[in-house]
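Undergrad: Attaching a predicted model along with its sequence, questions to come.
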Amino acid sequence: MLGDRPDDIASAWRFLRSGAVTLLPITDADASELDQLMRKYRDRPMDFADATLVRLAQRESLSTILTIDHDDFETYRIGKNTRFRIVPGRS
């Protein structure tokens, strides 16, 4: 999302360290669910990064996601039927 501009990357790290965002861990206990998600969406295919975001959303009861990957996240579901609210919206 940021490209490789050093000033933008530094700003992103300052934002993360500000406390405005909470980083959540993925642990060994999530491995089975990650595997199941990647198998479920193998036709996309779902990569590990997307699987971790969907798993965290399930585990933490979240439905809003910050991504520019609309095509995949409009397909993924939390649980069986809940769609993600994607931020930013499509332009």
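TA: Sure, I can see it.
Undergrad: in the protein, which spans are strands?
TA: Taking DSSP state E as the test, the strands found in the chain are 64-66, 77-78, 82-83, 85-87.
Undergrad: what's the offset of the second one from the middle of its chain?
TA: It stands for strand 77-78. Taking the mean of its C-alpha atoms, strand 77-78 sits 11 Å from the chain's own mean (Cα atoms, centre = their mean, to the nearest Å).
Undergrad: which secondary structure elements does it contact?
TA: Judged by 3 or more Cβ pairs under 8 Å, 6 or more residues apart in numbering; DSSP states H and E, strand 77-78 is in contact with helix 48-60. C-betas here are computed from N, CA, C, even on glycine.
Undergrad: Give me the buried stretch members for the helix it packs on, please.
TA: Within helix 48-60, the residues scored as buried using 16 or more other Cβ atoms under 10 Å are Asp50, Ala51, Thr52, Leu53, Val54, Arg55, Leu56, Ala57, Gln58.
Undergrad: Rebuild these as JSON lines, extending it with distance to Asn81 and pLDDT.
TA: Shown next, in JSON lines, are these (distance: Cβ to Cβ, whole Å; pLDDT from 0 to 100):
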{"residue": "Asp50", "distance to Asn81": "18", "pLDDT": "96"}
{"residue": "Ala51", "distance to Asn81": "19", "pLDDT": "97"}
{"residue": "Thr52", "distance to Asn81": "21", "pLDDT": "97"}
{"residue": "Leu53", "distance to Asn81": "18", "pLDDT": "95"}
{"residue": "Val54", "distance to Asn81": "14", "pLDDT": "97"}
{"residue": "Arg55", "distance to Asn81": "17", "pLDDT": "97"}
{"residue": "Leu56", "distance to Asn81": "18", "pLDDT": "96"}
{"residue": "Ala57", "distance to Asn81": "14", "pLDDT": "96"}
{"residue": "Gln58", "distance to Asn81": "13", "pLDDT": "96"}
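Undergrad: If anything else comes up later, I'll come back, but that's it for now.
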